[in-house]
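[1] I need the structure of the sequence given here:
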Amino acid sequence: MPSPGQELSSIDFESMIGGPLIAVVNAQAQAAMSTVNFIKEVGFKKPNAEQEAGGDTSTEEPIYVSFKYPKELRPYVPAVQADLTATPPVNASPAVPAVYETQELKVPILTILPIPFIRIEFATVDFNAKINSVEYRKTNTDLKINSSLEAKAGWLWGSAKLKVSTSFQRTTQEGNSVNRTYSLAIHVKVVQDEMPAGMEKMLGILEGAITSTPATTA
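    Just a heads-up that it's a prediction; the model follows:
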């Protein structure tokens, strides 16, 4: 009968532990590529077909979000009533409305969107093995006794006939049974990683490209 140690040694731990770890590495790589694709798809204009066919990873101009808003050039001045008794006298003046100018603000879209930087902080692999090994020996004994009695009697005579039959059967079963129960649990914690230094610098440059100019009238 194999011992529990032999049972455990037959388990392919390399695949059971290495498989989840490889899956974690691949997941991290896919998350990084998803971030790259997100930046290229959302933040920049798509390259032309020849660049795509040639595997060129360069991008075109950044995509801007533009909107118009009123910018106050001169504030509202309330009306003033005349007061000739004041020193010095105050002359009346009408209210002066505020002056606004429509400005157009252009903002790179990458500077206003949260960029996903997913990082797997830790991954744990829990493996539980439960092995129950039982040896058994089972013996069944079956003894059967059958008997019958026949008796006859007459005037001054009598007779009896007794029949007895026996049977004995003994059955023995031996063997062992092994119950194996395995469970594998993988826990993964994913967090939003810090922005890479290069990406942070690029966003700083894009922030410097934010412009606010008077809107052109159609």
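
[2] alpha carbons of stretch 121-131, as CSV, please.
    Listed next in CSV are the C-alpha coordinates belonging to stretch 121-131 (Å, rounded to 0.1, in the frame of the first residue of the first chain):
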residue,chain,number,x,y,z
GLU,A,121,0.6,43.3,-5.7
PHE,A,122,0.8,39.8,-4.5
ALA,A,123,-0.4,36.3,-5.4
THR,A,124,-0.7,33.3,-3.1
VAL,A,125,-1.2,29.7,-4.0
ASP,A,126,-2.9,27.5,-1.4
PHE,A,127,-2.8,23.8,-2.0
ASN,A,128,-4.5,21.3,0.3
ALA,A,129,-4.2,17.6,0.0
LYS,A,130,-6.2,15.1,2.0
ILE,A,131,-5.2,11.5,1.7
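
[3] in the chain, where is pLDDT below threshold?
    Within the chain, the stretches with pLDDT under 70 are 1-4, 48-59, 153-157, 217-218.

[4] show me where it has its helices.
    Per DSSP state H, the chain has helices spanning 4-9, 13-38, 49-53, 197-208. These are given in chain order.

[5] columns distance to Thr141 and mean neighbour count on top of those helices, output as TSV?
    Bear in mind the C-beta positions are built from the backbone N, C-alpha and C, glycine included. Formatted as TSV, the entries for these read as follows, by distance: least, Cβ to Cβ, whole Å; neighbours: other Cβ atoms under 10 Å:
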stretch	distance to Thr141	mean neighbour count
helix 4-9	34	11
helix 13-38	47	13
helix 49-53	84	10
helix 197-208	83	12
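
[6] out of those, nearest to Ile109?
    Among those, helix 197-208 comes nearest to Ile109, with 9.1 Å by Cβ to Cβ.

[7] re the thing from before, okay if I get the helices of the chain as JSON lines plus distance to Arg170?
    What follows is the helices of the chain, written out as JSON lines (distance: least, Cβ to Cβ, whole Å):
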{"stretch": "helix 4-9", "distance to Arg170": "33"}
{"stretch": "helix 13-38", "distance to Arg170": "46"}
{"stretch": "helix 49-53", "distance to Arg170": "83"}
{"stretch": "helix 197-208", "distance to Arg170": "83"}
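
[8] which stretch among those helices comes nearest Lys138?
    Shortest separation from Lys138 across these is recorded for helix 4-9, at 23.4 Å, computed as Cβ to Cβ.

[9] contacts for the closest one, please.
    Residues outside helix 4-9 that contact it (Cβ atoms under 8 Å, 6 or more residues apart in numbering) are 129, 131, 133, 178, 180.

[10] any idea how far Asn37 is from Lys45?
    For Lys45, the distance to Asn37 under the criterion Cβ to Cβ, to the nearest Å works out to 15 Å.

[11] thinking again about what came up before, compare the contacts of helix 4-9 and tell me which is most surrounded.
    Ile131 (16 neighbours; other Cβ atoms under 10 Å).
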